[in-house]
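**Q** Take a look and give me a structure for this.
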Amino acid sequence: MTSQPTDSPTQASSLTEVEPYGVERIPDEERTASPFDLFRVAFGGANTFSTCVLGAFPILFGLSFWQGLAATVLGVLAGALILCPMAVFGPVNGTNNAVSSSAHLGVHGRVVGSFLSLLTAVAFFSISVWSSGDALVGGAHRLFGLSRGPLSYVVAYALFAGLVLAVCVYGFRFMLFVNKIAVTSATVLFLLGAVAFAGDFDPSYAGSFTASADAATQAMFWPSFIGAALIVLSNPVSFGAFLGDWSRYIPADAPRRRVVGAAFLSQVATLLPFMFGLATASIIATKAPEYVDPAAPDFVGGLLAISPSWFFLPVCLLALIGGMSTGTTALYGTGLDFSSVFPRLSRVRATLLVGVVSIAFIFIGRFALDLVQSISTFATVIITCTTPWMVVMILGFFTRRGWYDPDALQVFNRRQRGGRYWFTHGWNWRGMTAWWVSAVLGVLCTDIPGQFVGPLGDLANGVDVSLPLSLAAAAVLYLSLLWLFPEPRAAYGPEGARWVRTKEAPVPPVTGAAEHPALTDALR
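**A** Residues are numbered from 1 along each chain as shown. Take a look at the predicted model:
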């Protein structure tokens, strides 16, 4: 195992230095992270209070504890299996996943990954600030009598968002340091919470779908079960656009099975915070049901209402530490990527811009919209738009036998034209078509009762089939297009293509702006 970046004195001192790299390929001598570092950052970003909030959704949807547990395990395992192959692009190409997608969507088509990372960053940065800010205000109210008026929430959200932005501005090393602390401390606090609520927990909580429920309620069981599983699945899937941001610091010769395994296990480990949210939500539904009213659910308020007084401070610490971890992992990669999409923005400026947009969404969602519905809708859009993109990337990696031209991937970032991945005016319409058709199909077929229902949502009698349909459509359509309309042989490595045909075509010469120090500084 290679050394971890925070272990050596010279690297430890870099915590106070702003990260110099944008989306250009990380030099080999700087790639000193290990698969365990990837596990720590990915798990740290999900071992948080925000994940607890998502874990409460099965109860909010009316499921019993055991039904909710089944939906949670299904969502986590399915999401982890979809996510884990996305970890290999970083070590192979030394850059983030959006840049790597140039090989499959085209030099210009890589902006799809940037859009998806922005969507995900806004959603999960918002969730982290919402949940953590609410917990801090609620805890301060119970401990010190602080008013729970709008001003308290505004101040809490603004201060917390500012802390997250500061960490993201310093970059990867600082984020890794924060997550190193978060993984251990949050785990300890969750285990402490198990002690705090052990006496109140009853696994026999029955939910709404009991034998005595009327026919209309019974008919909502499967839609609610699938909807809850999809909410849970959105958590691992949300990391798809970001894994390369962290794994790019892993050496290219690191065993791929260890990199993939680290990504998979990082999500399986999130069953801890998911279980905490599920179990405490079932207690809230029993002891303080007004907090799980579908019309105005308040998981954070309910948690504080059922907590013993000695656990108020741990709840606040959990909200602060966990929220920092989720917020930084969501925001860091998006700022990194948008600095390449808009070259006038440095990584720091792009991070600040995305952060300000996210903060605006936080205030609108918290004070003007339905919070739970906002989270549910965003999670649904993330799944339906991101999973087909991930399918195209994974199948593309397989058909290319894992071979890429790292220099050709940087054509867009250097404001150049041409190269192996230019395809048709910078767009690979095969991958683009497979992505957008599958994403649109997924949105049209989405059916989360009371939250978001697409025009074709009733296709399966109220059961949400958007995910399997979009996954299958992306796989079949992409491979079919690659076979019917072969890509240039130059886009593949020395061993040629796997499963698909290729054609002989000249590689367009690379022209336009050459890389020079001023441009490099702008991209950083």
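
**Q** From now on I want contacts and neighbour counts done on CA atoms only, so please keep to that.
**A** OK.

**Q** Helix, strand, or coil at the closest residue to M86 other than its chain neighbours?
**A** Nearest residue to M86 in three dimensions, chain neighbours excluded: G240, at 6.2 Å (Cα to Cα, 6 or more residues apart in numbering). Following DSSP: H, G, I helix; E, B strand; the rest coil, we place G240 in the coil state.

**Q** Restricting the selection to alpha carbons, write stretch 79-96 to CSV.
**A** What follows is stretch 79-96, C-alpha atoms only, in CSV (Å, rounded to 0.1, in the frame of the first residue of the first chain):
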residue,chain,number,x,y,z
GLY,A,79,-26.2,1.7,-5.6
ALA,A,80,-22.8,0.5,-4.5
LEU,A,81,-22.7,-2.0,-7.4
ILE,A,82,-23.5,0.7,-9.9
LEU,A,83,-21.0,3.1,-8.4
CYS,A,84,-17.9,1.1,-7.8
PRO,A,85,-16.6,0.7,-11.4
MET,A,86,-16.5,4.5,-11.7
ALA,A,87,-13.5,4.5,-9.3
VAL,A,88,-11.1,3.2,-12.0
PHE,A,89,-11.1,6.3,-14.2
GLY,A,90,-9.1,8.4,-11.8
PRO,A,91,-6.1,6.2,-11.4
VAL,A,92,-6.0,5.4,-15.2
ASN,A,93,-6.3,8.9,-16.4
GLY,A,94,-5.1,11.0,-13.5
THR,A,95,-8.1,13.4,-13.9
ASN,A,96,-11.7,13.6,-12.9
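
**Q** still on that earlier bit, state the distance from the residue nearest to M86 to I394.
**A** Distance from G240 to I394, counting by Cα to Cα, to the nearest Å: 11 Å.

**Q** overlap in contacts of those two?
**A** M86 (Cα atoms under 8 Å, 6 or more residues apart in numbering).

**Q** Who has more neighbours out of these two?
**A** G240 (27 against 23; other Cα atoms under 10 Å).

**Q** can I assume the more buried one is in contact with L83?
**A** Yes. With contacts counted by Cα atoms under 8 Å, G240 reaches L83, the gap being 5.8 Å.

**Q** Which stretches in the stretch 401-524 of the chain count as helices?
**A** 429-444, 466-484, 517-523 (DSSP state H, counting those that start in this stretch).

**Q** Who are the packing partners of the second one?
**A** So that's helix 466-484. Applying 3 or more Cα pairs under 8 Å, 6 or more residues apart in numbering; DSSP states H and E, one finds that helix 466-484 makes contact with helix 371-399, helix 429-444.

**Q** if you set the cut-off to 6 Å instead, what comes out?
**A** Helix 466-484 sits against helix 429-444, with contacts defined as 3 or more Cα pairs under 6 Å, 6 or more residues apart in numbering; DSSP states H and E.

**Q** Now do the helix it packs on: which elements does it pack against?
**A** Checked by 3+ Cα pairs under 6 Å, 6+ apart, helix 429-444 has helix 102-105, helix 371-399, helix 466-484 packed alongside it.

**Q** Output that helix as CSV, nothing but the C-alphas.
**A** Extracted C-alpha coordinates of helix 429-444, given in CSV (Å, rounded to 0.1, in the frame of the first residue of the first chain):
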residue,chain,number,x,y,z
TRP,A,429,-23.4,11.2,-30.8
ARG,A,430,-23.4,7.5,-29.9
GLY,A,431,-22.8,8.0,-26.2
MET,A,432,-24.7,11.3,-26.1
THR,A,433,-27.8,9.6,-27.7
ALA,A,434,-27.7,6.6,-25.3
TRP,A,435,-27.4,9.0,-22.3
TRP,A,436,-30.2,11.5,-23.1
VAL,A,437,-32.7,9.0,-24.4
SER,A,438,-32.3,6.8,-21.3
ALA,A,439,-32.4,9.8,-19.0
VAL,A,440,-35.5,11.2,-20.5
LEU,A,441,-37.1,7.7,-20.4
GLY,A,442,-36.3,7.5,-16.7
VAL,A,443,-37.8,10.9,-15.9
LEU,A,444,-41.0,10.1,-17.9
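
**Q** From the rest of the structure, what touches that helix?
**A** 104-105, 384-385, 388-389, 454-456, 466, 470, 473-474, 477-478, 481 (Cα atoms under 6 Å, 6 or more residues apart in numbering).

**Q** just to revisit the earlier point, tell me which of the helices of the stretch 401-524 of the chain sits nearest to F125.
**A** helix 429-444 (22.6 Å; Cα to Cα).

**Q** wait, T511 sits on G419?
**A** No. Look at T511 against G419 with Cα atoms under 6 Å: they stay out of range, at 8.7 Å.

**Q** Can you point out the buried residues in stretch 174-183?
**A** By 16 or more other Cα atoms under 10 Å, the buried positions in stretch 174-183 come out as F174, M175, L176, F177, V178, N179, K180, A182, V183.

**Q** The fourth one in helix, strand or coil?
**A** Look at F177: counting by three-state DSSP, its state is helix.

**Q** With the last one instead?
**A** Taken by three-state DSSP, the conformation at V183 corresponds to helix.

**Q** which residue packs closest to it, ignoring adjacent ones?
**A** Distances taken as Cα to Cα, 6+ apart place G44 nearest to V183, at 4.9 Å, with adjacent residues excluded.

**Q** Could you give the number of residues near the one you found?
**A** Quick note: G44 (other Cα under 10 Å) scores 33 neighbours.

**Q** start the count at 2, not 1, going forward
**A** From this message on, residue numbering opens at 2, which makes the last subject G45.

**Q** Quick check: it vs I182, distance?
**A** 9 Å.

**Q** cool, T378 as well?
**A** Taking Cα to Cα, one finds T378 at 32 Å from I182.

**Q** now E291
**A** In terms of Cα to Cα, E291 sits 35 Å off from I182.

**Q** Would you mark the buried spots in the helix ranked longest in the chain?
**A** Ranked by residue count and defined by DSSP state H, the top helix of the chain is helix 112-145. Using 16+ other Cα under 10 Å as the test for burial, helix 112-145 gives 112-141, 143.

**Q** what mean pLDDT does stretch 51-66 have?
**A** Averaging pLDDT along stretch 51-66 yields 90.

**Q** Name the residues that touch that stretch?
**A** 69, 129, 204, 206-209, 225, 229, 274-275, 278-279, 282.
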